[in-house]
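> sequence and predicted structure, then a few things I'm wondering about:
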Amino acid sequence: MRWALVKVALAVTVMVVAAFAVPLGLVVKEMARDRAFAGAERRAAALGPALAITTDRRELDRAVASTEDGTAGRLAVHIPASAQTGGQPIEIGKRRAAAGDLRTTRAYGRAAIAAVPGGSVLLQPTALPSGQIAVVELYVPEAEVTNGVATAWLVLAGVGAALVVGSVAVADRLGVRMVRPAQRLARAAHDLGEGRLGARVPEDGPPELHAAATAFNAMADQVVQLLANERELAADLSHRLRTPLTVLRLNAASLGEGPAADQTRAAVAQLEREVDTIIRTAREAKPQTQAAGPGAGCDVSEVVRDRMAFWSALAEDEGRTVRLAGTEGPVRIPVARPELVAALDALLGNVFRHTPEGTAFSVDVHNGDDAVIVLVSDAGAGIADPAAALARGNSGQRDGSTGLGLDIVRRVAESTGGDVRIGRSVLGGAEVRIWIALDGRAADGRDPHRRRARGRARRPPRVPRPARPR
C-alpha cells in the first residue's frame, strides 16, 4: 500500500507539472522572441528621420555608422532606384534577406520577419520623400531571440522536480502512517493464530485502522476469556464427575469377589479413564488425527478406491489418464478415515488445480512391514521448492491455493510417526510420498529395522509413463 500511494502521487504530480510547465515554457520562449523583435523594430525605426530628409549615400552611411547595430554590421538600408539616386538602387550595409522578401515588404508596406542563417532579420519599410519605399534591414541573432529562455526553463524544471520530490515524500509519510498499523495488526493476528494469546495491537493510526485495532484487541481479550472459561468448566467438570466416581469405586470395592464384581470394577475403571481423556482433550484443545485404541483406523485401499471413484468423473471430463495400483487387498493404517479422506482429497485436488487439463496422474499404495506408503504422482510441471510447499500457509503465489493442503497431509502422516516427502515422479511431474508408520516411531532413520522396512517400501515397481490423451 505504501508504494502504491507513492506511485500514485508520483504519477499525478508528474502529469500536473507537465500540464503546467510545458505550456509555460513555450510562453516564456514566445515572450523572449517578441521582446527581441520589439527592440529590433525600435532600433530600425531610428533611421526613419534620416531617410525622410535625404537619400544621399554619404549621409546615410554616417547615420548607419552612428548606431550600435550599424557598427556591429547588423544594420542595412535598401533604397530603390529613382531620380534622386541617379537611377541606381542604393545598398548600405550587408544584405542578408532574400530579394523576394524585400519586394514583398515594399509591396505590402508592413514590417516582416525572415529567417536567415544564424538568426532572423527584421524588414522595416520606410516612406521616402519621392513616394517610394525604402527597407531597413536589422539582423537579430538567434542568441538574442532565445536570451533568458534556458534559464527560465531550468527554473521551471527545478520547481517541477521540487514538487515531484515533495509530493513523493508526503505520500511516503502518509503511506508509512497507514501501513505500519496494518502491519502490526497482521503480525498480531498471526501471533494469535499461532497460539500467543498475549498478542495485542497499539490503538493508533488512521481512524479505520484504529477501529480495527480496537476490535482486534477486544476479540483477543474475548478469546482469552473464553479459553479461561473453558478451563474453568473443565476443572469444574472434573470435580463434579470425580465425586460420584469415587463413590462408585468404593461401592465396587465392597462387592467382594465374583464375575459381576469384577465387571463392575472394570467398568468403573474404564469410566474414570474416559473421563480423564475427556478432561485432557478439553484442556489441551488439540486436534486428534490419530485413531485411538487397538484395531482402530481404516483400510487405506478402500479409502483410496472410494476417493478415486469420486475424482474419476472430473478426470474423465478433463481427459486425464488415471492409474491406480496396490489397492487389491485390505491395508489397515492407524489413521481415522475422515483424516485420510481429507489428506487424499487435498492431494488430488492439487493435481486438478495446479496441472493443466489432460495431465495424467496415478495413486499407488505400498504395504511394508512397519509402514504404508501412499504415492500420488502426476505428469505436470512439478514442485520447484518442496520445503516451502510443506510450510503451513505457503501458497507459493498460486491462484486458488491456501497453502494448507500439504500441511494437512503432513500432520496426518506425522500423527503416526511418519512423514511426507516431495520429489520427481516417474511420470515427469511431482510425486508426494506419504509415509504412514505402523509402529508409531518417528521416521528419522535411527532404527535399523525401520531403515530396512523403509528400504523395501521405497522401491516400488516402476510405473510406466501413460500415453497423453488426444
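That came through fine.
> can you give me the strands in this protein?
Using DSSP state E, the strands of the chain run over residues 75-79, 90-92, 112-116, 119-127, 133-141, 298-299, 322-325, 332-333, 361-367, 371-378, 419-424, 430-437.
> residue 221: which of the ones you listed is closest?
Closest approach to residue 221 among the strands of the chain (CB to CB): strand 419-424, 37.3 Å. C-beta coordinates here come from the backbone N, C-alpha and C atoms, glycine included.
> what residue ranges in the stretch 301-450 of the chain score low on pLDDT?
Applying pLDDT under 70 to the stretch 301-450 of the chain flags residues 391-405, 440-450.
> redo that, cut-off 80
387-405, 407-408, 439-450 (pLDDT under 80).
> circling back: any chance of the strands of the chain in a markdown table, plus distance to residue 42?
Below are the strands of the chain laid out as a markdown table (distance: least, CB to CB, whole Å):
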| stretch | distance to residue 42 |
| --- | --- |
| strand 75-79 | 13 |
| strand 90-92 | 20 |
| strand 112-116 | 15 |
| strand 119-127 | 10 |
| strand 133-141 | 10 |
| strand 298-299 | 106 |
| strand 322-325 | 96 |
| strand 332-333 | 106 |
| strand 361-367 | 91 |
| strand 371-378 | 89 |
| strand 419-424 | 88 |
| strand 430-437 | 87 |
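> which residues are in contact with residue 97?
Residue 97 makes contact with 114, 116, 121, 123, 137, according to CB atoms under 8 Å, 6 or more residues apart in numbering.
> mind giving me the PyMOL command for buried ones among these?
Buried residues within these, by 16 or more other CB atoms under 10 Å, are selected in PyMOL with:
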select buried, resi 114+121+123+137
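> farthest pair within the contacts of residue 97?
Maximum distance among the contacts of residue 97 (CB to CB): 10.8 Å, for 116 and 123.
> just checking, residue 382 touches residue 424?
Yes. Counting by CB atoms under 8 Å, residue 382 does reach residue 424; the two are 6.0 Å apart.
> give me the more crowded residue out of the two.
The neighbour comparison of residue 382 against residue 424 (other CB atoms under 10 Å) goes to residue 382, with 17 against 13.
> now that one, what are its backbone angles?
phi 80, psi 180 (degrees, to the nearest 10).
> use 9 as the first number for this chain going forward.
That works, and once the first residue is 9, the last one we named lands at residue 390.
> now do the contacts for it.
432-433, 436-438.
> now do 6 Å
437-438 (CB atoms under 6 Å, 6 or more residues apart in numbering).
> state the distance from it to residue 173.
47 Å (CB to CB, to the nearest Å).
> same check, this time on residue 100
Distance from residue 100 to residue 173, by CB to CB: 57 Å.
> how about stretch 78-88: buried residues?
78, 82-88.
> ok, the residue lying closest to residue 306 once chain neighbours are set aside - how many residues close by?
Excluding the flanking residues, the one nearest residue 306 by CB to CB, 6 or more residues apart in numbering is residue 345, at 4.0 Å. The number of residues packed near residue 345 is 16, by other CB under 10 Å.
> how about the nearest residue to residue 394 once chain neighbours are set aside, what does it touch?
Ranked by CB to CB, 6+ apart and with sequence neighbours excluded, the top spatial neighbour of residue 394 is residue 430, at 3.6 Å. Going by CB under 6 Å, 6+ apart, residue 430 touches 391, 394, 440.
> scan those residues and report the most crowded one.
Counting by other CB under 10 Å, top hit in these: residue 440 with 26 neighbours.
> from what I see, it and residue 384 are in contact.
Yes. Using CB atoms under 6 Å, residue 440 is in contact with residue 384, at 4.8 Å.
> between those two, which contacts overlap?
With CB under 6 Å, 6+ apart, residue 440 and residue 384 have common neighbours residue 355.
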